[in-house]
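> show me how the following folds:
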Amino acid sequence: MPVRRPIATIACAACLVAPLHVARAAVAPEHVEEEVAPGGAAAKAPGAGRAKKGGGRASASSDAAAGPVLELPPLAHPIEIRADGGARVAVVGPSVRPVRVALAPGRYELLGPGGGRIVWETGASPPALPEAWRAPPPPVSDEPARVRSSDRPPPDSPGRDSDRAEPTPAELASIWRWYVFPAASAIIPGTGQMLNGEPGKGAAILLSTAGLLTATIMLWPRTDPREGTGGRADDTIPATQEVARLAGFGVASGALGLLYAGQILDAHQVARGQPVRPNKDFVLRIELAGLYTIATRPGQPSHQLLRDFNVSFMFEPVPRFNLGFSDIGGGRDRQTGRRMSQAGVRFGYRVFDRRRTWITLSVGGVFQSAGRDGGAGARGAVSGFVYGQLGLRIFVTDAISLGLFPRLSVPLATRFYAFGGSLPRYAPTLELGGGIGVHF
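Numbers count the residues shown, from 1 in each chain. From the prediction side, this is the model:
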């Protein structure tokens, strides 16, 4: 049909322009371009072809000649260029060709993946970039170049054999890193960071994981069968020592879980080479959390660690306000055989959200149902508690965050815990919790 050819021409032109990686400039005048490859064309940055004051259009060569030029090799990840005063100048990459950036004379910082930083001054030789920043060289082959998706005929034309082009070796290597590096961190914490070119961070994660695991094992709550029997003069552990041991176990075990999950997600995010941009427009957050508190008990030892693990489904109908069903969970007391289930509601407001850190204030209430105590012959009971909570959240990917949730709760009746233990009515309780949330 006569209309098809113009439409196919426009579609092919759009496909040719789309893959070009264009730098985002924050200050003018600047120009970012890829070098012209043999038989290729230069990719102009935004504004390179705009009309200047006084008439005329600016070409790539005239802009590059206006000031010093920073020459960079092909980039595997985006690199941010900042002026000496801290203002963002441009963001370049990833690119399969060398990159040229026209800059005003001065001193600049190059910020790469994983917090890498290089200082460069105009007039100096091109900076030496880490291998993790560089794109792998294209394979050398005598075979004809693979047909790109932009060079393929439109879907309705004859001769089209597939809907998409095969990925290039550089794309395959990048995708391979996205999943292999996090898997390496799951096996040995910190390994993914080391493979991403961050050996210092990887070593710190490995040592921290080993330290927290050792502390968790050493502080594991255990009851000494000789305690309180009167067989020794020192058979009763001081209350301060018991509280310190239980608190240390709660902090160490909670931090170990958060660190392990966070470093796996961090390895994936750094391998992608993209900064974390939290999803502020989420509709639903599913959150898994664990809470610990220390309470007194009759006999010896005089204190016990009470634990509660639950899931919450929080919605955000309007920005910053969230509400939903929270603290859904249950469990069974191994000593008495009593089963417990609970569910509640929570309302919250996000008072702070700057970059990757969010702070939320919340209030909520929980309803509990407990079964019979087979040992003591006690009947089932219903109870509940109300609480106020402070939520500190740090995003490790655009949609996944790790959080700390200290809360102050007050039981309105006897409160039962999922793994045994209870609190009396009207006993103010300070709980420390942590968890992971997924935002949709």
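
> ok, now which ones touch residue 284?
Neighbouring residues of residue 284 by C-beta atoms under 8 Å, 6 or more residues apart in numbering: 313-316, 439-440. In short, each C-beta sits where N, CA and C put it, glycine included.

> how is the protein carved up into domains?
With automatic domain parsing as the criterion, the domains of the chain are listed as 22-121, 172-223+237-274, 276-440.

> possible to save the ones you listed as JSON lines with mean pLDDT and distance to residue 135?
What follows is these, written out as JSON lines (pLDDT from 0 to 100; distance: least, C-beta to C-beta, whole Å):
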{"stretch": "domain 22-121", "mean pLDDT": "61", "distance to residue 135": "4"}
{"stretch": "domain 172-223+237-274", "mean pLDDT": "89", "distance to residue 135": "9"}
{"stretch": "domain 276-440", "mean pLDDT": "90", "distance to residue 135": "22"}
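
> would a markdown table of those domains with distance to residue 137 be doable?
Below are the domains of the chain laid out as a markdown table (distance: least, C-beta to C-beta, whole Å):
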| stretch | distance to residue 137 |
| --- | --- |
| domain 22-121 | 8 |
| domain 172-223+237-274 | 11 |
| domain 276-440 | 29 |
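
> ok, residues contacting whatever helix or strand residue 207 lives in?
Here residue 207 sits within helix 199-218, counting by DSSP states H and E. Outside helix 199-218, the residues within contact range by C-beta under 8 Å, 6+ apart are 114, 185, 188-194, 248-249, 252-253, 255-256, 259-260, 263.

> restricted to buried residues, select the contacts of residue 284 in ChimeraX.
In ChimeraX, selecting the buried portion of these, with burial taken from 16 or more other C-beta atoms under 10 Å, looks like this:
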select :314,316,439
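
> what is the nearest of the contacts of residue 284 to residue 361?
Taking C-beta to C-beta as the measure, residue 361 lies nearest residue 314 of those, at 13.5 Å.

> now for the closest one: which residues touch it?
By C-beta under 8 Å, 6+ apart, the contact set of residue 314 is 284-285, 287, 322-324, 326, 346, 348.

> likewise residue 429?
When the contact criterion is C-beta under 8 Å, 6+ apart, the partners of residue 429 are 293, 295, 408-411, 415, 423.

> so which of those belong to strands?
Counted as lying in strands by DSSP state E, out of the contacts of residue 429, are 293, 295, 408-411, 415, 423.

> what about residue 127, how many neighbours?
Burial of residue 127, expressed as a neighbour count using other C-beta atoms under 10 Å, amounts to 16.

> hang on, it in a strand?
No - looking at residue 127 with DSSP: H, G, I helix; E, B strand; the rest coil, it is coil, so not inside a strand.

> which residues touch it?
Under the contact definition (C-beta under 8 Å, 6+ apart), the residues listed for residue 127 are 70, 72, 110, 118, 120.

> please flag which of the contacts of residue 284 sit within strands.
Applying DSSP E to the contacts of residue 284, the entries found in strands are 313-316, 439.

> list just the nearest of these to residue 175.
Distance from residue 175 was checked for each of the ones in strands among the contacts of residue 284 by C-beta to C-beta. The minimum falls on residue 439, at 23.6 Å.

> buried among the contacts of residue 314? Need that as a selection in ChimeraX.
To isolate the buried ones among those in ChimeraX, judged by 16+ other C-beta under 10 Å, type:
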select :285,287,322,323,324,326,346,348
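
> need the contacts of residue 314 in a markdown table with distance to residue 305 and secondary structure, can you?
Compiled in a markdown table, these are given as follows (distance: C-beta to C-beta, whole Å; DSSP: H, G, I helix; E, B strand; the rest coil):
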| residue | distance to residue 305 | secondary structure |
| --- | --- | --- |
| 284 | 32 | strand |
| 285 | 28 | strand |
| 287 | 22 | strand |
| 322 | 30 | strand |
| 323 | 31 | strand |
| 324 | 28 | strand |
| 326 | 22 | strand |
| 346 | 24 | strand |
| 348 | 27 | strand |
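
> now distance to residue 356 too, for the contacts of residue 314, in TSV please.
Compiled in TSV, the contacts of residue 314 are given as follows (distance: C-beta to C-beta, whole Å):
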residue	distance to residue 356
284	20
285	16
287	17
322	18
323	24
324	23
326	23
346	23
348	19
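
> any idea how far residue 268 lies from residue 237?
In this structure, residue 268 and residue 237 are 44 Å apart, going by C-beta to C-beta, to the nearest Å.

> more neighbours: which of the two?
With other C-beta under 10 Å as the criterion, residue 268 and residue 237 differ in neighbour count, and residue 268 comes out ahead with 20 against 16.

> how close does residue 436 get to residue 255?
Noted for residue 436: a distance of 13 Å to residue 255, by C-beta to C-beta.

> residues in contact with residue 439?
By C-beta under 8 Å, 6+ apart, the contact set of residue 439 is 278-279, 282, 284-285, 399-401.

> the helices in this structure, which residues?
In chain order, the chain shows helices spanning 4-17, 60-64, 169-187, 191-195, 199-218, 239-272, with DSSP state H as the criterion.

> out of those helices, nearest to residue 386?
Put simply, out of these the one that sits nearest residue 386 is helix 239-272, at 22.4 Å, with distance taken as C-beta to C-beta.

> in the closest one, what's buried?
Burial within helix 239-272, assessed by neighbour count using 16+ other C-beta under 10 Å, is assigned to 242, 245-247, 249-272.

> just the CA trace of stretch 385-403, in PDB.
Coordinates of the C-alpha atoms in stretch 385-403 are reproduced here as PDB (Å, rounded to 0.1, in the frame of the first residue of the first chain):
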ATOM      1  CA  PHE A 385      -2.400  -4.700  72.000                       C
ATOM      2  CA  VAL A 386      -1.800  -1.300  70.600                       C
ATOM      3  CA  TYR A 387       1.500   0.300  69.600                       C
ATOM      4  CA  GLY A 388       3.400   3.200  68.100                       C
ATOM      5  CA  GLN A 389       6.200   2.500  65.700                       C
ATOM      6  CA  LEU A 390       9.100   4.300  64.100                       C
ATOM      7  CA  GLY A 391      10.200   2.900  60.800                       C
ATOM      8  CA  LEU A 392      13.700   3.500  59.400                       C
ATOM      9  CA  ARG A 393      14.000   2.200  55.900                       C
ATOM     10  CA  ILE A 394      17.000   2.100  53.400                       C
ATOM     11  CA  PHE A 395      16.500   1.000  49.800                       C
ATOM     12  CA  VAL A 396      19.000  -1.400  48.300                       C
ATOM     13  CA  THR A 397      17.200  -1.600  44.900                       C
ATOM     14  CA  ASP A 398      14.500   0.600  43.400                       C
ATOM     15  CA  ALA A 399      11.700  -1.600  44.900                       C
ATOM     16  CA  ILE A 400      13.300  -3.500  47.800                       C
ATOM     17  CA  SER A 401      14.200  -1.900  51.200                       C
ATOM     18  CA  LEU A 402      15.600  -3.000  54.500                       C
ATOM     19  CA  GLY A 403      14.200  -1.500  57.700                       C
END
